[in-house]
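A.B. asks: following is a predicted model, sequence given first.
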Amino acid sequence: MKLKIATEQNGEVLIIEPKGALVGGEETDELRDAVAESIEKGNKKLIVDLGKVTYMNSTAIGALVSAHTSYSNRKGKIVLCNVNKSIKNIFVVTKLSMIFQVADTRPDAILAFT
């Protein structure tokens, strides 16, 4: 299934909302491209809303880590939100929960930038 990505601008905060399974290949490339485009445009505040992501493998996690590194190197910040329980468990087991800021809801994620 091809991943669909919705983007929304909320003031200075860009919100990327992938929908479907993030399992590598075209799906992960689409996420990487959306992040790269936001960096190219000078965005420094990014929310990745994972509420509609059904599955995520190591390739997708690598794409998120790469995005986090790119934003951090440019003094930007990424906040994840609406992370389902199984994906949240992956972040805990891999200790990525200590690297990524995770908010329960999109409004909470927006508040994380204030």
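C.D. replies: Structure's in. What do you need? Residues are numbered from 1 along each chain as shown.
A.B. asks: tell me which helix or strand the closest residue to Ala6 other than its chain neighbours sits in.
C.D. replies: Using CB to CB, 6 or more residues apart in numbering and skipping the chain neighbours, the partner closest in space to Ala6 is Glu17 (4.5 Å). Using the backbone N, CA and C atoms, a C-beta is placed for each residue, glycine as well. Taking DSSP states H and E as the definition, Glu17 sits inside strand 13-22.
A.B. asks: which phi and psi values does Val83 adopt?
C.D. replies: In terms of degrees, to the nearest 10, the main-chain angles of Val83 are phi -80, psi 120.
A.B. asks: could you pull up the contacting residues of the nearest residue to it once chain neighbours are set aside?
C.D. replies: Nearest residue to Val83, sequence neighbours excluded (CB to CB, 6+ apart): Leu50, at 4.9 Å. Neighbouring residues of Leu50 by CB atoms under 8 Å, 6 or more residues apart in numbering: 18, 56, 80-84, 87.
A.B. asks: before we move on, what about Gly76?
C.D. replies: Counting by CB under 8 Å, 6+ apart, Gly76 has contacts 39, 43-46, 70.
A.B. asks: can you say which helix or strand has the most centrally placed residue in the chain in it?
C.D. replies: Centroid-nearest residue in the chain: Val48, 3.1 Å away (criterion: CA atoms, centre = their mean). For Val48, the host element (DSSP H and E) is strand 45-49.
A.B. asks: partners of that strand, with directions?
C.D. replies: Using DSSP bridges, the strands paired with strand 45-49 are strand 13-22 (parallel), strand 77-81 (parallel).
A.B. asks: buried sites along the shortest one?
C.D. replies: The reference is to strand 77-81. Within strand 77-81, the residues scored as buried using 16 or more other CB atoms under 10 Å are 77-81.
A.B. asks: farthest pair in those?
C.D. replies: The largest separation in the buried residues of strand 77-81, counting by CB to CB, is between Lys77 and Cys81 at 12.9 Å.
A.B. asks: let me see the ranges of the helices in this protein.
C.D. replies: According to DSSP state H, the chain carries its helices in the segments 26-40, 58-73, 85-93, 106-111.
A.B. asks: distance of the residue nearest to Asn82 when sequence neighbours are not counted relative to Lys75?
C.D. replies: Residue nearest to Asn82 in three dimensions, not counting chain neighbours: Gly51, with 3.0 Å by CB to CB, 6+ apart. Applying CB to CB, to the nearest Å, the value for Gly51 to Lys75 is 27 Å.
A.B. asks: much appreciated, bye for now.
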